[in-house]
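Novice: Any chance you could fold what I've pasted below:
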Amino acid sequence: MLNMILIDTEKLPKKNYFQIEARLSLLGNFKSYPNTSIDVLVDRCIDAEVILVNKEIINEAHIKALPNLKYIVVIATGYDNVDIAAAKKHGVQVSNLPDYCGITVAQHTIALLLELTNHIGMVSSSVKCGGWFETKAKILELSGLTLGVFGFGNIAKRVINIALALGMNVLVCSSKGAKAKYNTDLTVKFVDKDELLQNSDVISLLCLVNDQTRDIIDKAALQLMKPNCLLINTSRGALINEDDLYEALSKRQITAAALDVLKEEPPKVDHQLFSLENCFITPHNAWYSDASLNCWVNQVESCVIGYEKNQLIYLL
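Specialist: A predicted model of the protein is given here:
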């Protein structure tokens, strides 16, 4: 009988977690915990052949201490919380869910962009307060502007498609490098980091967090960006040095930022970025739609079924 354990359910939508529980319970022995700290993970998972994890940390020490572990399913897109290299070293397969919410995240990314350029929230509030004629917020037309995208995965490609439809020019900085060969029909130019920073009117972060991308937007990067630049992050908070961003926004070194993710979530109530009128923040909900949640449940189940059939999917 297959032994499975989901080590952190606390941040999962309850309705959809119950769907996962019902489906996986039909496939074997299934247990779950609201959260699992580093020091108790081994004891809880000692009999597990499959571990499912959302945000908790699984490091090499854990993997070495779990002789029955064969498969880890990261039930999210990002997988920086699992030591992938250590898993491979010890013969443990790892999957993530790379695109269950891709359409929804792309839509939210564009929604943040349009909030920065069309000022819908501010204008609506002004009108309701009697400011029909007094409202001076001009729309920034996107056609002809340049979007710089860090990343070239499925979500990035969806955002790029929308940007091209809006008449934008697109620069891409990918982990493969500017001179790599890309099989794509998208009308984009592949560049290095500095060229993207210097020439983009809008910058969208749509890449994974790793040693090369952590704090990719820092003081040095912000100094290269145009004064009129708009920064959007719907990927991971660790891509931005928040102290440096606060300073740049405070000094109007760049025009504005829209963030769906922060380094610490939930943030403290006195987070410095909350005080800035030119920083818009949503609560890491870019992925949150009925369509993406249904896809999420299906993909979690498919990963476990694939393991049972020796037909693993979404392997890292």
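
Novice: For V149, pull up the helix or strand it's in.
Specialist: strand 146-150 (DSSP states H and E).

Novice: residues in contact with that strand?
Specialist: 156, 159-160, 163, 168-173, 188, 193, 196-197, 199-207, 213, 216, 239 (Cβ atoms under 8 Å, 6 or more residues apart in numbering). Yep, even glycine has a C-beta here, placed from its N, CA and C like the rest.

Novice: Would you mind checking the average pLDDT for it?
Specialist: Taken as a whole, strand 146-150 has a mean pLDDT of 98.

Novice: and after it, which helix or strand comes next?
Specialist: By DSSP H and E, the next helix or strand past strand 146-150 is helix 154-165.

Novice: Report the inter-axis angle for that following helix versus strand 146-150.
Specialist: Counting by axes from the mean of the first three to the mean of the last three Cα atoms, to 10 degrees, helix 154-165 lies at 180 degrees to strand 146-150.

Novice: Just name whatever secondary elements the following helix or strand past helix 154-165 is in contact with.
Specialist: Downstream of helix 154-165, the next assigned helix or strand under DSSP H and E is strand 169-173. The helices and strands touching strand 169-173, judged by 3 or more Cβ pairs under 8 Å, 6 or more residues apart in numbering; DSSP states H and E, are strand 146-150, helix 154-165, strand 189-190, helix 193-199.

Novice: Tabulate those (CSV), appending distance to L12 and mean neighbour count.
Specialist: Shown next, in CSV, are the helices and strands packed on strand 169-173 (distance: least, Cβ to Cβ, whole Å; neighbours: other Cβ atoms under 10 Å):
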stretch, distance to L12, mean neighbour count
strand 146-150, 28, 25
helix 154-165, 21, 19
strand 189-190, 37, 17
helix 193-199, 35, 18
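
Novice: Looking at those, which is nearest to T282?
Specialist: helix 154-165 (15.8 Å; Cβ to Cβ).

Novice: does L196 really touch L171, like I thought?
Specialist: Yes. Taking Cβ atoms under 8 Å as the definition, L196 is a contact partner of L171 at 4.9 Å.

Novice: Report the secondary structure state of the spatially most central residue of the chain.
Specialist: The centre of the chain sits closest to S235, judged by Cα atoms, centre = their mean, with a distance of 2.7 Å. Judged by DSSP: H, G, I helix; E, B strand; the rest coil, the three-state class of S235 is coil.

Novice: Now it: closest residue in space, sequence neighbours ignored.
Specialist: L205 (4.9 Å; Cβ to Cβ, 6 or more residues apart in numbering).

Novice: What of S126?
Specialist: Per Cβ to Cβ, 6+ apart, closest to S126 is T135, 4.6 Å.

Novice: and the one you found, what is it in contact with?
Specialist: Here T135 is in contact with V123, S126, V127 (Cβ under 8 Å, 6+ apart).

Novice: Out of the residues you listed, list just those in helices.
Specialist: V123, S126, V127 (DSSP state H).

Novice: Fine by me, we can end here.
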